[in-house]
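K.L.:
Need coordinates for the following:
(chains A, B and C)
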Amino acid sequence: MNWIDHESYLEIYPPKEFNFEECLIFLGRSNQEVLHQIKDGAVYKLIKIKDSLILCKIGYINNCIKVEFPIRTPSILVRKKVGEYIWELFDLDQDLGEFYQMASRDKILKNLAHKYFGLRIMCIPDLFEALVWAIMGQQINLPFAYTLKQRFVEQFGEFITFEGERFWLFPSFEKIASLNVDDLRKLQFTTRKAEYIIGIAKDMKCGKLTKELLLQQDYHQVQTSLMLIRGIGAWTADYVMMKCLHQTSSFPIADVGLHNALRNLLSLKEKPTMNHQLA
DNA sequence: ATCCAGGAACTGT
DNA sequence: ACAGTTCATGGA
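P.N.:
Down below sits the predicted model:
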């Protein structure tokens, strides 16, 4: 992690393959997002560090990420945690040099890599959030997935108010572990999804499932341990490894969004199938 | 109305 | 192992 603490703000120095604007476009893709807001070229996000709620304004000035604290400046220890969180949020440990070398030789990726240079995977550092968000998104359209997330967060999450706006935190697994299926059915979760999510919350509450344990495992071990959990199939396991566990081998190949992207890119009449051969 | 959506579990062979 | 069915609801 490459950063400087200026007490009232942080400066984080990203690697050279980084484009804040492209990342911001991704973060702003849905106007139903409740876990961050974008204003004046900066991301406003509420973070919880050891029971304290920290509102962060994440901007970009002079080739570095500038993190400010609109409400109050936290202690040095908390600032360090905030810096680590944001480093992880933008996936800045990843060295993309090799990827871009590979992409420049790839017929399909070449133009994309150039067009979106510096866009990184926007991570979901909280394992519970990553798992729940993936499960919410199973087999439904994205706008409805965001609707479910909004209801879930506003029903069970914490918030603070700043300048008349609410900034929300994703609900904790402790809280969700104590719910029953009907609590989530009221928000129009299916019975299955409600069971999956509460089950995962309970696994995390009893310490059976933690990010630390998963981070010690390699790609196949993580995939196996995640898929043992009810509600997690190959797609969800790969999605979570990609968005939360920084597993560069993960690739949700069955993802409908990827299929549609390929169809658009290659001007195919139909979506490519899993065994589609690219000419 | 009909089909699909950032799938997964369940059932039957 | 593998294919077919069910879950459930919003959006186009």
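K.L.:
Leaving out sequence neighbours, find the closest residue to residue A:123.
P.N.:
residue A:91 (5.1 Å; CB to CB, 6 or more residues apart in numbering). C-beta coordinates here come from the backbone N, C-alpha and C atoms, glycine included.
K.L.:
from what I can see the one you found touches residue A:120, true?
P.N.:
Yes - because the distance of 4.7 Å satisfies CB atoms under 8 Å, residue A:91 is recorded as touching residue A:120.
K.L.:
For residue A:121, give its distance to DNA strand C.
P.N.:
As judged by CB to the nearest atom of the strand, to the nearest Å, residue A:121 and DNA strand C stand 26 Å apart.
K.L.:
Which of the three states applies to that residue?
P.N.:
coil (DSSP: H, G, I helix; E, B strand; the rest coil).
K.L.:
Skipping adjacent residues, who's closest to it in space?
P.N.:
Closest to residue A:121 by CB to CB, 6+ apart is residue A:91, at 4.9 Å.
K.L.:
Run a quick neighbour tally on the one you found.
P.N.:
Residues near residue A:91, counting by other CB atoms under 10 Å, number 19.
K.L.:
Am I right that it sits in a strand?
P.N.:
No - residue state for residue A:91 (three-state DSSP) corresponds to coil; a strand is not indicated.
K.L.:
which phi and psi does it have?
P.N.:
phi 60, psi 40 (degrees, to the nearest 10).
K.L.:
Report pLDDT for it.
P.N.:
Per-residue pLDDT puts residue A:91 at 98.
K.L.:
Next, the contact list for the residue nearest to residue A:123, please.
P.N.:
Residues in contact with residue A:91 (CB atoms under 8 Å, 6 or more residues apart in numbering) are A:120, A:121, A:122, A:123, A:246.
K.L.:
any idea what residue A:66 is structurally, helix, strand or coil?
P.N.:
Assignment for residue A:66 (three-state DSSP): strand.
K.L.:
Could you find the closest non-adjacent residue to it?
P.N.:
Nearest one to residue A:66, counting by CB to CB, 6+ apart, is residue A:59 at 4.9 Å.
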